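Engineer: quick one: sequence and predicted model below, then my questions.
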Amino acid sequence: MLMRALRIGLTGGTGAGKSLALREFARLGAKTVSSDSVARDVVRPGRLAHRKIAAAFGGSVLDAGGRLDRRKLAAKIFSSPRLRRRLERITHPEILREMERRLGAARPGTVAVADVPLLFEGRHQGRFDAAVFVSAPSALRIERIVRRDGLSRRQALSRMSAQWPEARKAALADVVIANAGNRKRFLAAVQEYYKAMALIASAGGGRRPR
(Lines give C-alpha, C1' and ligand atoms only; values in the text may rest on other atoms or scores of the structure.)
Protein backbone atom coordinates (compact mmCIF):
# COMPACT_ATOMS: atom_id res chain seq x y z
CA MET A 1 0.00 0.00 0.00
CA LEU A 2 1.00 3.61 -0.48
CA MET A 3 2.55 5.36 2.49
CA ARG A 4 0.18 8.18 1.57
CA ALA A 5 -2.64 8.98 -0.81
CA LEU A 6 -2.07 9.07 -4.57
CA ARG A 7 -1.54 12.77 -5.21
CA ILE A 8 -2.95 14.38 -8.35
CA GLY A 9 -2.13 17.92 -9.39
CA LEU A 10 -5.05 19.40 -11.34
CA THR A 11 -4.51 22.46 -13.49
CA GLY A 12 -5.90 24.35 -16.46
CA GLY A 13 -6.12 27.86 -17.82
CA THR A 14 -8.55 30.26 -16.23
CA GLY A 15 -12.06 29.49 -17.46
CA ALA A 16 -11.16 25.99 -18.63
CA GLY A 17 -13.27 24.15 -16.05
CA LYS A 18 -10.83 22.83 -13.46
CA SER A 19 -13.15 23.87 -10.60
CA LEU A 20 -15.91 21.77 -12.12
CA ALA A 21 -13.48 18.87 -12.43
CA LEU A 22 -12.41 19.29 -8.79
CA ARG A 23 -16.02 19.19 -7.61
CA GLU A 24 -16.61 16.03 -9.59
CA PHE A 25 -13.51 14.36 -8.14
CA ALA A 26 -14.84 15.25 -4.68
CA ARG A 27 -18.26 13.81 -5.49
CA LEU A 28 -16.60 10.59 -6.62
CA GLY A 29 -14.79 10.21 -3.32
CA ALA A 30 -11.42 11.90 -3.73
CA LYS A 31 -9.93 14.08 -1.02
CA THR A 32 -9.83 17.48 -2.71
CA VAL A 33 -7.91 20.64 -1.95
CA SER A 34 -9.04 23.89 -3.55
CA SER A 35 -6.24 26.36 -4.09
CA ASP A 36 -8.80 29.16 -4.03
CA SER A 37 -10.01 28.04 -0.59
CA VAL A 38 -6.43 27.78 0.65
CA ALA A 39 -5.55 31.18 -0.81
CA ARG A 40 -8.51 32.76 0.97
CA ASP A 41 -7.50 31.18 4.28
CA VAL A 42 -3.87 32.32 4.19
CA VAL A 43 -4.78 35.97 3.59
CA ARG A 44 -7.31 36.28 6.41
CA PRO A 45 -6.68 39.23 8.76
CA GLY A 46 -4.05 38.28 11.30
CA ARG A 47 -2.24 35.86 9.01
CA LEU A 48 1.33 36.56 7.90
CA ALA A 49 0.44 36.83 4.21
CA HIS A 50 -2.28 39.40 4.98
CA ARG A 51 0.19 41.60 6.83
CA LYS A 52 2.75 41.33 4.04
CA ILE A 53 0.19 42.17 1.33
CA ALA A 54 -1.04 45.20 3.26
CA ALA A 55 2.55 46.39 3.64
CA ALA A 56 3.43 45.78 -0.01
CA PHE A 57 0.25 47.10 -1.69
CA GLY A 58 -1.17 49.53 0.84
CA GLY A 59 -4.67 50.03 2.17
CA SER A 60 -6.17 50.39 -1.30
CA VAL A 61 -6.49 46.59 -1.55
CA LEU A 62 -8.35 46.26 1.77
CA ASP A 63 -12.04 46.76 2.45
CA ALA A 64 -13.53 48.83 5.27
CA GLY A 65 -13.18 45.88 7.68
CA GLY A 66 -9.49 45.37 6.91
CA ARG A 67 -10.09 42.25 4.84
CA LEU A 68 -8.40 41.71 1.49
CA ASP A 69 -10.51 42.99 -1.42
CA ARG A 70 -9.67 40.36 -4.02
CA ARG A 71 -11.25 42.28 -6.90
CA LYS A 72 -9.17 45.39 -6.23
CA LEU A 73 -6.03 43.32 -5.81
CA ALA A 74 -6.70 41.42 -9.04
CA ALA A 75 -7.12 44.70 -10.94
CA LYS A 76 -3.67 45.73 -9.78
CA ILE A 77 -1.74 42.54 -10.43
CA PHE A 78 -3.22 41.61 -13.80
CA SER A 79 -2.14 44.98 -15.18
CA SER A 80 1.43 44.62 -13.91
CA PRO A 81 3.62 41.49 -14.15
CA ARG A 82 5.94 43.05 -11.57
CA LEU A 83 3.15 43.40 -9.01
CA ARG A 84 1.89 39.91 -9.80
CA ARG A 85 5.31 38.45 -9.08
CA ARG A 86 5.45 40.41 -5.82
CA LEU A 87 2.13 38.96 -4.72
CA GLU A 88 3.20 35.45 -5.71
CA ARG A 89 6.37 35.73 -3.63
CA ILE A 90 4.23 36.62 -0.61
CA THR A 91 1.40 34.14 -0.98
CA HIS A 92 2.80 31.06 -2.72
CA PRO A 93 4.99 29.76 0.16
CA GLU A 94 2.03 30.05 2.56
CA ILE A 95 -0.37 28.43 0.10
CA LEU A 96 2.00 25.53 -0.58
CA ARG A 97 2.53 24.84 3.12
CA GLU A 98 -1.21 24.76 3.78
CA MET A 99 -1.84 22.64 0.69
CA GLU A 100 0.75 20.10 1.83
CA ARG A 101 -0.88 19.97 5.25
CA ARG A 102 -4.30 19.24 3.75
CA LEU A 103 -2.97 16.66 1.29
CA GLY A 104 -1.18 14.96 4.15
CA ALA A 105 -4.53 14.43 5.89
CA ALA A 106 -5.76 12.10 3.11
CA ARG A 107 -5.89 8.41 3.98
CA PRO A 108 -3.20 6.14 2.46
CA GLY A 109 -4.43 4.20 -0.56
CA THR A 110 -6.95 6.87 -1.57
CA VAL A 111 -6.88 9.63 -4.20
CA ALA A 112 -6.11 13.24 -3.26
CA VAL A 113 -6.60 15.95 -5.88
CA ALA A 114 -5.39 19.54 -5.53
CA ASP A 115 -6.14 22.21 -8.10
CA VAL A 116 -3.03 24.28 -8.73
CA PRO A 117 -3.48 27.04 -11.33
CA LEU A 118 0.28 27.59 -11.71
CA LEU A 119 1.26 23.93 -11.45
CA PHE A 120 3.74 24.09 -14.35
CA GLU A 121 4.66 27.76 -14.20
CA GLY A 122 5.70 27.29 -10.58
CA ARG A 123 7.33 23.91 -11.26
CA HIS A 124 5.19 22.21 -8.64
CA GLN A 125 4.44 19.03 -10.60
CA GLY A 126 7.16 17.19 -8.66
CA ARG A 127 4.93 17.37 -5.57
CA PHE A 128 2.41 15.08 -7.27
CA ASP A 129 2.24 11.57 -8.68
CA ALA A 130 0.50 12.78 -11.83
CA ALA A 131 -0.52 16.06 -13.44
CA VAL A 132 -3.97 16.46 -14.99
CA PHE A 133 -4.57 19.36 -17.37
CA VAL A 134 -8.06 20.61 -18.28
CA SER A 135 -8.13 22.20 -21.73
CA ALA A 136 -10.81 24.32 -23.40
CA PRO A 137 -11.06 26.47 -26.55
CA SER A 138 -10.02 30.10 -26.04
CA ALA A 139 -13.37 31.49 -27.17
CA LEU A 140 -15.21 29.36 -24.65
CA ARG A 141 -12.82 30.33 -21.87
CA ILE A 142 -13.31 34.04 -22.60
CA GLU A 143 -17.09 33.60 -22.52
CA ARG A 144 -16.90 31.83 -19.15
CA ILE A 145 -14.56 34.38 -17.58
CA VAL A 146 -16.70 37.32 -18.71
CA ARG A 147 -19.86 35.67 -17.38
CA ARG A 148 -18.30 34.35 -14.15
CA ASP A 149 -16.25 37.37 -13.10
CA GLY A 150 -18.17 40.22 -14.70
CA LEU A 151 -15.14 41.30 -16.72
CA SER A 152 -14.78 42.79 -20.17
CA ARG A 153 -13.40 40.72 -23.03
CA ARG A 154 -10.17 42.73 -22.83
CA GLN A 155 -9.81 41.99 -19.11
CA ALA A 156 -10.46 38.29 -19.73
CA LEU A 157 -7.75 38.20 -22.40
CA SER A 158 -5.36 39.92 -20.01
CA ARG A 159 -5.89 37.20 -17.40
CA MET A 160 -5.45 34.46 -19.97
CA SER A 161 -2.23 35.98 -21.31
CA ALA A 162 -0.75 35.99 -17.80
CA GLN A 163 -0.61 32.17 -17.95
CA TRP A 164 1.38 29.84 -20.18
CA PRO A 165 -0.20 28.82 -23.51
CA GLU A 166 -2.41 25.72 -23.30
CA ALA A 167 -0.23 23.75 -25.72
CA ARG A 168 2.83 24.20 -23.52
CA LYS A 169 1.04 22.94 -20.41
CA ALA A 170 -0.71 20.11 -22.23
CA ALA A 171 2.70 18.83 -23.35
CA LEU A 172 3.84 18.60 -19.71
CA ALA A 173 0.70 16.92 -18.38
CA ASP A 174 0.29 13.19 -17.80
CA VAL A 175 -3.43 13.45 -18.60
CA VAL A 176 -5.32 16.02 -20.69
CA ILE A 177 -9.10 16.26 -20.27
CA ALA A 178 -10.84 18.29 -22.96
CA ASN A 179 -13.73 20.53 -21.94
CA ALA A 180 -15.26 21.77 -25.17
CA GLY A 181 -18.59 22.79 -23.66
CA ASN A 182 -20.41 19.46 -23.34
CA ARG A 183 -20.76 19.16 -19.56
CA LYS A 184 -21.98 15.57 -19.59
CA ARG A 185 -19.09 14.39 -21.77
CA PHE A 186 -16.55 16.29 -19.69
CA LEU A 187 -17.79 14.84 -16.40
CA ALA A 188 -17.84 11.35 -17.91
CA ALA A 189 -14.15 11.75 -18.78
CA VAL A 190 -13.37 12.87 -15.22
CA GLN A 191 -15.21 9.82 -13.90
CA GLU A 192 -13.23 7.44 -16.09
CA TYR A 193 -9.91 8.90 -15.03
CA TYR A 194 -10.93 8.78 -11.38
CA LYS A 195 -11.67 5.06 -11.66
CA ALA A 196 -8.16 4.48 -13.00
CA MET A 197 -6.61 6.65 -10.28
CA ALA A 198 -8.51 4.82 -7.55
CA LEU A 199 -7.26 1.47 -8.86
CA ILE A 200 -3.67 2.72 -8.91
CA ALA A 201 -4.02 4.13 -5.38
CA SER A 202 -5.52 0.94 -3.96
CA ALA A 203 -2.78 -1.12 -5.60
CA GLY A 204 -0.06 0.96 -4.01
CA GLY A 205 1.09 2.73 -7.16
CA GLY A 206 2.73 6.14 -7.32
CA ARG A 207 5.90 7.75 -6.06
CA ARG A 208 6.89 7.76 -2.42
CA PRO A 209 7.28 11.13 -0.65
CA ARG A 210 10.62 12.81 -1.15
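Structural biologist: Sure, I can see it.

Engineer: how about the residue of the chain positioned farthest from its centre, phi and psi?
Structural biologist: The C-alpha centroid of the chain is most remote from residue 64, which lies 28.4 Å away (C-alpha atoms, centre = their mean). Dihedral pair for residue 64: phi -60, psi -30, per degrees, to the nearest 10.

Engineer: please report the distance of it from residue 150.
Structural biologist: Computed as C-beta to C-beta, to the nearest Å, the residue 64 to residue 150 distance reads 21 Å. In short, each C-beta sits where N, CA and C put it, glycine included.

Engineer: over to residue 93?
Structural biologist: Residue 93 is 31 Å from residue 150, by C-beta to C-beta.

Engineer: more crowded one of the two?
Structural biologist: Set residue 93 next to residue 150 and count neighbours by other C-beta atoms under 10 Å: residue 93 wins out with 13 against 9.

Engineer: neighbours of the nearest residue to residue 23 once chain neighbours are set aside, how many?
Structural biologist: Closest residue in space to residue 23, ignoring its immediate chain neighbours: residue 32 at 7.9 Å, by C-beta to C-beta, 6 or more residues apart in numbering. For residue 32, the count of nearby residues is 24 (other C-beta under 10 Å).

Engineer: my read: residue 32 touches residue 112, true?
Structural biologist: Yes. Here residue 32 lies in contact with residue 112, judged by C-beta atoms under 8 Å, at a distance of 7.5 Å.

Engineer: quick check: closest non-adjacent residue to residue 91.
Structural biologist: Nearest residue to residue 91, sequence neighbours excluded (C-beta to C-beta, 6+ apart): residue 49, at 5.3 Å.

Engineer: let's see the pLDDT reported for that neighbour.
Structural biologist: Looking at residue 49, its pLDDT reads 93.

Engineer: now do the SS call for it.
Structural biologist: Three-state assignment for residue 49 (DSSP: H, G, I helix; E, B strand; the rest coil): helix.
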